[in-house]
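> Attaching a predicted model along with its sequence, questions to come.
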Amino acid sequence: MRRTLAIAAALLLLAAGPAAAQRKNETVAFVKFDKHVAILAKVGQDKSAFTFAIKATNKAFDDDVYVGSGPLRAKVSCFSFKSSSGFSLTVEPPRFSVSGDTLVIDQSIPRISVTGLHASAELGPCVKSSVTFGISASDIHFTYKAKPMLTFDGRGLCKLAFGGQTQKINVKIVGFNAKPLQNDLDKLVKKWLERSLEESLNSLYSVQVGNSFIKASLDFCGK
């Protein structure tokens, strides 16, 4: 009899265990989920989420030289640059940190080296010419902030929404050189590269990385 009661009690505990572990129908900040660290580790290993197609900004950068003022103001020398070429880029594994309910993602790119890009430029005389060039950049950094949320359905399943970006991605490049362009154009090409990175990352980062978070969360509460 005692053995029968013990077995019955054990079965009741097994039946009650999963139900007790299930979350009620609620929405919580991702960083408050007890398994968020494991999800971050899985996302950090997803190389495809951190490979981006960088498109060239259609903005033209110039640093023309003028003399005189008012009606007598005249352009005497032209320094302008505009490229239509893009490239593919893979960033370093992300560094995650938490500030309140905000997930902070620090990204670094040790080096970018690309050749065979195409652009139009004006150097000195105001005559536009087509050029083929390469870039070499180092020590590139940007930060992304978001407030991912997890919605539980009361049956142990969850849905992750990745959004709530709190600031625009701003890219900072320390080391830079463009070849075989004249050094006078370096600062313009650097501006072009920074803006191209920013425009592409601001449109792609939250989508690609967000999808990686959604896929990773399925292994912990979505099935």
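Looks like it came in fine.
> Which secondary structure elements does the helix or strand hosting residue 53 sit against?
Residue 53 is part of strand 51-54 when elements are defined by DSSP states H and E. If you count contacts as 3 or more C-beta pairs under 8 Å, 6 or more residues apart in numbering; DSSP states H and E, strand 51-54 packs onto strand 87-90, helix 186-221. Backbone N, C-alpha and C define where each C-beta goes, glycine included.
> out of those, nearest to residue 41?
Set against residue 41 and scored by C-beta to C-beta, these come closest in helix 186-221, at 8.7 Å.
> roughly how far out does the closest one sit from the chain middle?
Averaged C-alpha coordinates place helix 186-221 at 3 Å from its chain's average position (C-alpha atoms, centre = their mean, to the nearest Å).
> list the buried ones in it?
Within helix 186-221, the residues that qualify as buried are 186, 188-202, 204-206, 209-210, 212-217, 220-221, counting by 16 or more other C-beta atoms under 10 Å.
> same deal with stretch 115-135?
In stretch 115-135, counting by 16+ other C-beta under 10 Å, buried: 117, 119, 121, 122, 123, 131, 133, 135.
> Quickly check these for the two that are furthest apart.
122 and 135 (18.7 Å).
> Pairing partners for the strand ranked longest in the chain, with directions?
Counting residues, the longest strand in the chain under DSSP state E turns out to be strand 102-124. Strand 102-124 sits in its sheet next to strand 74-83 (antiparallel), strand 95-99 (antiparallel), strand 129-146 (antiparallel), going by DSSP bridges.
> Just the mean pLDDT for the second one, thanks.
Okay, so that is strand 95-99. For strand 95-99, mean pLDDT rounds to 93.
> In CSV, list the buried residues of stretch 115-135 along with pLDDT.
Compiled in CSV, the buried residues of stretch 115-135 are given as follows (pLDDT from 0 to 100):
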residue, pLDDT
117, 95
119, 94
121, 90
122, 88
123, 83
131, 91
133, 94
135, 95
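> want to throw these into a markdown table with distance to residue 102?
Shown next, in a markdown table, are the buried residues of stretch 115-135 (distance: C-beta to C-beta, whole Å):
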| residue | distance to residue 102 |
| --- | --- |
| 117 | 36 |
| 119 | 38 |
| 121 | 42 |
| 122 | 44 |
| 123 | 45 |
| 131 | 43 |
| 133 | 39 |
| 135 | 33 |
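> which among those residues gets closest to residue 67?
Looking across these and measuring by C-beta to C-beta, the closest to residue 67 is residue 122, at 17.0 Å.
> Can you get me a residue count around the residue found closest to that closest one once you drop the neighbours it is linked to in the chain?
Closest residue in space to residue 122, ignoring its immediate chain neighbours: residue 78 at 3.9 Å, by C-beta to C-beta, 6 or more residues apart in numbering. Residue 78 is flanked by 17 other residues according to other C-beta atoms under 10 Å.
> pretty sure residue 78 contacts residue 120?
No. Between residue 78 and residue 120 there is no contact under C-beta atoms under 8 Å: 11.5 Å.
> Low-confidence bits of this structure, can you list those?
Within the chain, the stretches with pLDDT under 70 are 1-23, 163-166, 223.
> same thing but 80
1-24, 68, 70, 72, 75-76, 154-156, 163-167, 222-223 (pLDDT under 80).
> tell me the contacts of residue 140?
108, 109, 110, 112, 171, 172, 173, 174, 197 (C-beta atoms under 8 Å, 6 or more residues apart in numbering).
> Buried ones among those residues?
109, 112, 171, 173, 197.
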